Every structure is written in C-alpha cells, then in structure tokens.
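Engineer: sharing a model that was predicted from the sequence below.
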Amino acid sequence: MEQDSKIYIAGHRGMVGSAIKRKLESRGYTNFVLKTSAELDLRNQEGVAKFFRENKPEYVFLAAAKVGGIMANNTYRAEFLYDNLMIESNIIDQAYKNNVKKLMFLGSSCIYPTLAPQPLKEDSLLTGLLEETNEPYAIAKIAGIKLCDAYRSQYGCNFISVMPTNLYGHNDNYDLQNSHVLPAMLRKFDEAKRNGVTEVTLWGTGTPKREFLHADDLADACLFLMLNYNEAGFTNIGIGEDISISELANLIKGITGYTGNIVWDKSKPDGTPRKLMDVSKLHAMGWKARIGLEEGIRQIYKEVFDK
C-alpha cells in the first residue's frame, strides 16, 4: 500500500473508522475516498456498486457496521442481522468486481461460542453455541469472515479479516440505550456525580470479565496487518488482559470522581461469562498494544466529559 494509494474506509466517521483514518494520515497516507451514511447507504446494492465503479478504490477497510451493547443487540435482532449482512456483502462483492488489491474486514469478539475455552483462540470459531443476546450480530460477522475466505478461495482475492476485542476511544457512542458497557459506565457515573445522585445501578452481577482495547491501538494493528498479513481465516486483535465488570465499574467510578454507591441489578443479563482474546498469533507477528486501560479511560474521560 503506497502513500498515494486510493483508500476507502467504510464507516470513516465511527469510532473504529475514524481511528484508522487518523492513523493512516499520521503515516502519510493522503488519498482517501469517503462517503457518509447519508451520502451512501451501504445496504443498497446498486448504490454501493455505483460508488465502486466511479471511485475504484485500491484498498478497503470495512469498518462500517450496525453496532450496540446488550440492550440494542437483543432488541433490534432483525436489523443487526440484516443490516450487517447487507453492508458486508455489498462491499466485499464490489471489491472483487472492481479489482480492489486488498480488503480488510473488521469483525467482533462476539463471534466466539459462549463457553469457548479462554483465552479465545482463532480456531474456536464455530465450535459451540453463540451468546443468545447478540447471536444475530455474531452470525453476520461470521458470515463476513467466511465471505472473505470464499472470495479468496474462489477468485484469489486478497481479503483478510481481523477480530477486535471490546473497544473504546474517540467518537464512541455514549447513548445509554444502545452503547457498550465502558462508555455507558462513563456517562452514568459522570451524570450521577454532576447531579448528586447517591447510587448508580448497573446491569447484571458484575462478575463477567471483559478485555478492552483503545481504538487507537486497534487502528495501529489494522495498518500493521494491512501491510504484513495476507492469509485466510482471521486474526484476533486485543491487549491480552481482562478485567471484571465490577472492577471496571470501580475504576471508572474513581476516574470520574463519583463518591456514591454501585447497585447491581441482577435481573438483567450478564452476557458471556468471559471474553479474553488469545493474541499470541498477533504478538508472534510483532505487534502489541501500547495504551493501558486506566491511561486510556482517563484520556477519554478528560476529552469527552471533564471539560
């Protein structure tokens, strides 16, 4: 991928896509072809076909997706399956038809079976049942991996897939109805502190364990893999360490300066008991995350809330 190669980032205004764009710009890449969701509905087959015909990108980062936390995943099951299937199918097919040199598909750690051995190795894919609350999203992402592999096998396309762990960072979603756990906690604790609320209620038991990667680290890994990885299947991207949800809550409580109590609503779902990525494959290639969790959360809290 040359400095002046034409690069299309699908989802360039989202947390992941914008992080990839910043990383590429910092490394001297300048030739981007970009469309907002208002300008191009990626679910529309003809619209995507027209975009590829007219713009002819050489490299594609497929970071566009319909995403959300447990509530959103479990409520909008049809949209999470349909929208994501359409987005990835349209882009991957048009990348093939328009001779894209290389495409990277970004998935999610939710593709793994609920009770897969920890840490999660790439070869655990499709070895068991998925977590019920986000099954539609997971199935869509699995389909994206298999679609990339099918085009590679049948047509020789250099389409690769990467599976990030739970993410946080710039341009995250802080809507309490459909955001992920870390940004939702940041907003809840910040609002409780500002409003003098004496207790904050969080979903579940607090016992599940999760791994969190800063989006800037993900972007760095994506560029590294775009330049160095050309294989079928997929590669995990993570930090290799996890933390319980209750530990995360107390960490964010301290960072925000909230002094009230935490109450756990055990009637609400916990989701998968644990999701820790095995990143030995990525480490063996020579890449490791750099941003620690507390450092990263403090940075985001200062940027978004502590003004």
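Structural biologist: Arrived safely.

Engineer: okay, CA-based contacts and neighbour counts for the rest of this
Structural biologist: Fine.

Engineer: CA atoms of stretch 264-271 as PDB?
Structural biologist: Taking C-alpha atoms only, stretch 264-271 is exported to PDB below (Å, rounded to 0.1, in the frame of the first residue of the first chain):
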ATOM      1  CA  TRP A 264     -26.100  -4.300  40.700                       C
ATOM      2  CA  ASP A 265     -29.400  -5.200  39.000                       C
ATOM      3  CA  LYS A 266     -29.100  -9.000  38.900                       C
ATOM      4  CA  SER A 267     -32.400  -9.300  37.000                       C
ATOM      5  CA  LYS A 268     -30.600  -8.000  33.900                       C
ATOM      6  CA  PRO A 269     -28.400 -10.300  31.700                       C
ATOM      7  CA  ASP A 270     -24.600 -10.600  32.200                       C
ATOM      8  CA  GLY A 271     -23.900 -11.800  28.700                       C
END
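
Engineer: so, low pLDDT: which residues of the stretch 51-200 of the chain?
Structural biologist: Along the stretch 51-200 of the chain, segments meeting pLDDT under 70 span 69-70, 178.

Engineer: 90 instead?
Structural biologist: Under the criterion pLDDT under 90, the flagged ranges of the stretch 51-200 of the chain are 66-76, 108-110, 114-115, 131-134, 171-181.

Engineer: what are the ranges of the strands in it?
Structural biologist: Under the criterion DSSP state E, counting those that start in this stretch, strands of the stretch 51-200 of the chain are mapped to 59-62, 102-106, 159-164, 166-168, 199-203.

Engineer: list the pairing partners of the third one within its sheet, with orientation.
Structural biologist: Neighbouring strands of strand 159-164 in its sheet, by DSSP bridges, are strand 102-106 (parallel), strand 234-237 (parallel).

Engineer: with the first one instead?
Structural biologist: Strand pairing for strand 59-62, determined by DSSP bridges: strand 7-10 (parallel), strand 102-106 (parallel).

Engineer: CSV for the strands paired with strand 159-164, including distance to Ser89 and mean neighbour count?
Structural biologist: As requested, the strands paired with strand 159-164 are exported to CSV (distance: least, CA to CA, whole Å; neighbours: other CA atoms under 10 Å):
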stretch, distance to Ser89, mean neighbour count
strand 102-106, 11, 24
strand 234-237, 17, 24
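
Engineer: in TSV: those, plus distance to Ile7.
Structural biologist: Listed next are the strands paired with strand 159-164 as TSV, based on distance: least, CA to CA, whole Å:
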stretch	distance to Ile7
strand 102-106	10
strand 234-237	21
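
Engineer: surely Met277 touches Thr235?
Structural biologist: No: counting by CA atoms under 8 Å, Met277 sits too far from Thr235 to count as a contact (10.1 Å).

Engineer: now the end-to-end length of stretch 123-134.
Structural biologist: End-to-end span of stretch 123-134 (CA to CA, to the nearest Å): 20 Å.

Engineer: how about it: buried residues?
Structural biologist: 125, 130-131, 133-134 (16 or more other CA atoms under 10 Å).

Engineer: now swap in stretch 170-180 and tell me
Structural biologist: 170-174, 176, 178-180.

Engineer: repeat for stretch 88-108
Structural biologist: Those would be 88-96, 98, 100, 102-108, for stretch 88-108 by 16+ other CA under 10 Å.

Engineer: so Asn98 sits against Arg53, correct?
Structural biologist: Yes: assessed by CA under 8 Å, Asn98 is found in contact with Arg53 at 6.8 Å.

Engineer: one step back: is it possible to export the buried residues of stretch 123-134 to TSV including distance to Leu293?
Structural biologist: Output for these, formatted as TSV (distance: CA to CA, whole Å):
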residue	distance to Leu293
Leu125	27
Leu130	27
Glu131	25
Thr133	26
Asn134	25
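
Engineer: closest one of those residues to Val162?
Structural biologist: Taking CA to CA as the measure, Val162 lies nearest Leu125 of those, at 12.9 Å.

Engineer: now that closest one: phi and psi?
Structural biologist: Leu125 has phi and psi values of phi -60, psi 130 when expressed as degrees, to the nearest 10.

Engineer: contacting residues around it?
Structural biologist: 111-113 (CA atoms under 8 Å, 6 or more residues apart in numbering).
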